[in-house]
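>>> below are the sequence and a predicted model; questions follow.
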Amino acid sequence: MTYRQGEIIVASDFNTFRTDVLNIWDVGNGDRGYGQIDTGGAPAIPLAVIGTDVGSAEWEAFRSAAQTCSDHHGSTTTFPPTPALAVDADIIAHEADDGNAYDIDGSLATIDTNRLVADAGSVSAITNTLVSTRNTSWNTALQHRFTALLPTVDDARYFFNSGGQIHFRGSRSGGAGTGQNASWTEILTNMGTVYMDSTTTSNFGGAAGWTFASIGYFDLTTSFQEIATGVDTTGGSYATNEARIDARTVDGPGGANGDTGRNLEFRIRYRDIHTNPWGDTVNGTIDSRIDYQIATSPLTIQTPIFASSIVLTDGS
């Protein structure tokens, strides 16, 4: 680049800055892109015309988009403040190695590095989006199967790129005071909240007995893959009881920008596969709950539509 402190920033340099921001702020590709210009949340960043001055309108649009990305991540960046750009759009003191506080290209590198990070204040958790409950006894297998549908394949990328997650919870309560019921209470309590994000599956608030795959949205295929498994850790007759969560993309990649589909399908399976002489059953109330996390202010992200296709009462 040719820019230095106190020198005129030429259009070609500005347009490189602009491209770097748009890779995160606008459509992008793969795990880059929030789709924000199309939401009406901010104006497009004008392309500077080679051979002309870079005006304050270009700088202000650039600064607004770049700082919003930084705010979404909770990153520490040093973009020049908008008033400075508006007052003197051509000559900008911006490089930290020139002895001042501003560093445009370093700040752009930071928002790219943190592009999949969402600050806690930039996302909202929506709970009990789907709830499947069973109150009758069972002794073989239950399944809760559902889909999460985004309007477009790019909307699916934007959802996960901006910190979106699909959450899974389960519980069992009541019924007889048997070892069988205790086994399932333990498995589902230890589950905590399992989440799948853009690149992996893990949990929070859980305990022993659960393992997770390094599979997120961008790893999905049209075949189910196991993303989480929970087992009884007490041993004995119930050590083979298990809960599994599988995920796939129904439609598969459908666009030119590195998506893996917009229609995602998940199945949560409770499998009572222990063996003992008395063949006891699970009773009380058992459930499966689906939540999600979505980016809110300062971004505008499309909400998935959730629908169950198989519920726990279908099992036996």
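Done, it's in.
>>> quick one: the helices in the stretch 101-250 of the chain?
Per DSSP state H, counting those that start in this stretch, the stretch 101-250 of the chain carries helices over the ranges 104-113, 153-161, 179-191.
>>> Asp112 versus Thr68, what's the distance?
14 Å (C-beta to C-beta, to the nearest Å). For every residue, glycine as well, the C-beta is placed using N, CA and C.
>>> and for Asp31?
Asp31 is 11 Å from Asp112, by C-beta to C-beta.
>>> now swap in Ile166 and tell me
25 Å.
>>> more neighbours, the two?
Ile166 (27 against 14; other C-beta atoms under 10 Å).
>>> assess the claim that that one and Phe266 are in contact.
Yes: with contact defined as C-beta atoms under 8 Å, Ile166 and Phe266 form a contacting pair (6.9 Å).
>>> could you tell me which residues touch both of those two?
148, 290 (C-beta atoms under 8 Å, 6 or more residues apart in numbering).
>>> what's the closest non-adjacent residue to the residue nearest in space to the middle of the chain?
When the chain is reduced to its mean C-alpha position, the closest residue under C-alpha atoms, centre = their mean turns out to be Gly164, at 2.8 Å. Of all residues not flanking Gly164 in the chain, Ile294 sits nearest, at 5.3 Å (C-beta to C-beta, 6 or more residues apart in numbering).
>>> using TSV, lay out the helices of the stretch 101-250 of the chain together with distance to Phe62 and mean pLDDT.
As requested, the helices of the stretch 101-250 of the chain are arranged in TSV below (distance: least, C-beta to C-beta, whole Å; pLDDT from 0 to 100):
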stretch	distance to Phe62	mean pLDDT
helix 104-113	9	92
helix 153-161	20	98
helix 179-191	45	95
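>>> how about low-confidence regions in the stretch 51-200 of the chain?
82-100 (pLDDT under 70).
>>> now do the strands in it.
123-134, 141-149, 165-173, 193-196 (DSSP state E, counting those that start in this stretch).
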